[in-house]
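Visitor: Return atomic coordinates for the entry below.
(chains A and B)
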Amino acid sequence: MVTYQSAGWSALGDPTRRAIFERLAERPRAVGELAGELPVSRPAVSQHLKVLKEAGLVVDRPVGTRRIYRLEPEGIDALRADLDRFWGKALAAYKQVVEQRAQEVT
Amino acid sequence: MTTEAQQETSVRIQITVDAPIERAFRVFTEDFGSFKPPEHNLLGTEIAETVFEPHEGGHLYDRGVDGSECRWARVLAYEPPERVVISWDINPRWQIETDLEKTSEVEVRFVSETPDRTRVELEHRNLDRHGDGWEALREGVGGEGGWPLYLQRFAERLLGDD
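Guide: Residues are numbered from 1 along each chain as shown, chains lettered A, B, ... in the order given. Here you go, the predicted structure:
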């Protein structure tokens, strides 16, 4: 998966793509909005979004006739994964400690 | 934003241990420091001990070898040997959250399956309350260190499918 990460890095090496990414970090936006805010044509924005999407940095979903782009991962998913690992490790270690204590007493 | 509203906002884990309920509860609270994963140390120094004050209104805190303290949770309910609820005053960047509106909570229930077996059910819920934490994380992407942090998080997520 290291290649995935370096794909992310190189995708963000382009100043226009970085500008698009920073705008999506503020809030989700449609292609047209991005084209209106940046000195880039709409097809060019679409092309940059395609690169960001392939690098796994943004995701899109259809809303009516438009496609809305936002950053990936969603914050709460990242937090859940973090805490899932934390509590998983904690409870596994807890089981060892509590069962060891049980043996000491008996 | 229906999909966002339906998003899971809690983490649930359960484990069964070969111990009577009283001991299971006591070890979980009194010996919390003995099983807490050490890599998430919020102090800048080595932890000498983790203290779990055994009463409602108490705190969980780490004490460093240099005497510094880090209070990272409040005891919201303390009902031995069946239930304990603590707040989670740590933001998504693993720093202390001082705004209590933006903290989540962890409920742990102990259920006696046999006299020598106890099921421990843990739920870490209301994770959406940390919302501003990850917005800050995103605001940080433009700054120094922001990109590496973001991409590191991202890489961890990709690798963290175990």
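
Visitor: what about the helices in chain B?
Guide: B:2-5, B:21-30, B:32-35, B:131-139, B:146-159 (DSSP state H).

Visitor: what separates the second one from the chain centre, distance-wise?
Guide: Meaning helix B:21-30. 17 Å (Cα atoms, centre = their mean, to the nearest Å).

Visitor: Run through the chain and note the low-pLDDT ranges.
Guide: Reading this off chain A. Confidence mapping of chain A against pLDDT under 70 gives the ranges A:1-10, A:56, A:73-76, A:78, A:102, A:105-106.

Visitor: actually chain B
Guide: Using pLDDT under 70, chain B drops low at B:1-7, B:39-40, B:132-162.

Visitor: Report the spatially closest residue to the spatially most central residue of it, excluding sequence-adjacent ones.
Guide: Nearest residue to the geometric centre of chain B (Cα atoms, centre = their mean): residue B:88, 5.4 Å. Spatial nearest neighbour of residue B:88, excluding adjacent residues (Cβ to Cβ, 6 or more residues apart in numbering or on different chains): residue B:104 at 4.5 Å. Backbone N, C-alpha and C define where each C-beta goes, glycine included.

Visitor: That neighbour: how many residues sit nearby?
Guide: Other residues near residue B:104 come to 21 when the count uses other Cβ atoms under 10 Å in any protein chain shown.

Visitor: Next, residue 45: phi, psi?
Guide: Using chain A. phi -60, psi -50 (degrees, to the nearest 10).

Visitor: wrong chain, I was asking about chain B
Guide: Torsion angles, degrees, to the nearest 10, at residue B:45: phi -140, psi 170.

Visitor: and the gap between it and residue A:51?
Guide: 44 Å (Cβ to Cβ, to the nearest Å).

Visitor: residues contacting the residue nearest to the centre of chain B?
Guide: B:72, B:73, B:103, B:104, B:105, B:106, B:124 (Cβ atoms under 8 Å, 6 or more residues apart in numbering or on different chains).

Visitor: wait, doesn't residue A:90 sit right on residue B:33?
Guide: No: applying Cβ atoms under 8 Å, one finds residue A:90 not in contact with residue B:33, separated by 10.9 Å.

Visitor: hang on, the earlier thing: for residue B:45 and residue A:51, indicate the residue with more neighbours.
Guide: The residue with more neighbours, out of residue B:45 and residue A:51, is residue A:51; 17 against 14, by other Cβ under 10 Å.

Visitor: residues contacting the more buried one?
Guide: Contacts of residue A:51 (Cβ under 8 Å, 6+ apart): A:11, A:14, A:17.

Visitor: Now do the strands in chain A.
Guide: Here chain A has its strands, by DSSP state E, at A:29-30, A:58-63, A:66-71.

Visitor: Kindly reformat those strands as CSV containing distance to chain B and mean neighbour count.
Guide: Below are the strands of chain A laid out as CSV (distance: least, Cβ to the nearest Cβ, whole Å; neighbours: other Cβ atoms under 10 Å in any protein chain shown):
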stretch, distance to chain B, mean neighbour count
strand A:29-30, 14, 18
strand A:58-63, 8, 14
strand A:66-71, 7, 18
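
Visitor: would a markdown table of those with distance to residue B:57 be doable?
Guide: Below are the strands of chain A laid out as a markdown table (distance: least, Cβ to Cβ, whole Å):
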| stretch | distance to residue B:57 |
| --- | --- |
| strand A:29-30 | 46 |
| strand A:58-63 | 43 |
| strand A:66-71 | 40 |
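
Visitor: burial measure for residue 33, as a count.
Guide: Chain wasn't specified; assuming chain A. 16.

Visitor: hm, I was asking about chain B
Guide: 16.

Visitor: And it, how close does it get to residue A:83?
Guide: If you go by Cβ to Cβ, the gap between residue B:33 and residue A:83 works out to 19 Å.

Visitor: Likewise for residue B:92?
Guide: 9 Å.

Visitor: Make sure residue A:35 is actually in contact with residue A:45.
Guide: Yes: contact criterion Cβ under 8 Å: residue A:35 and residue A:45 qualify, at 4.7 Å.

Visitor: So these two - more neighbours on which side?
Guide: Of the pair residue A:35 and residue A:45, residue A:45 is the one with more neighbours under other Cβ under 10 Å, namely 24 against 18.
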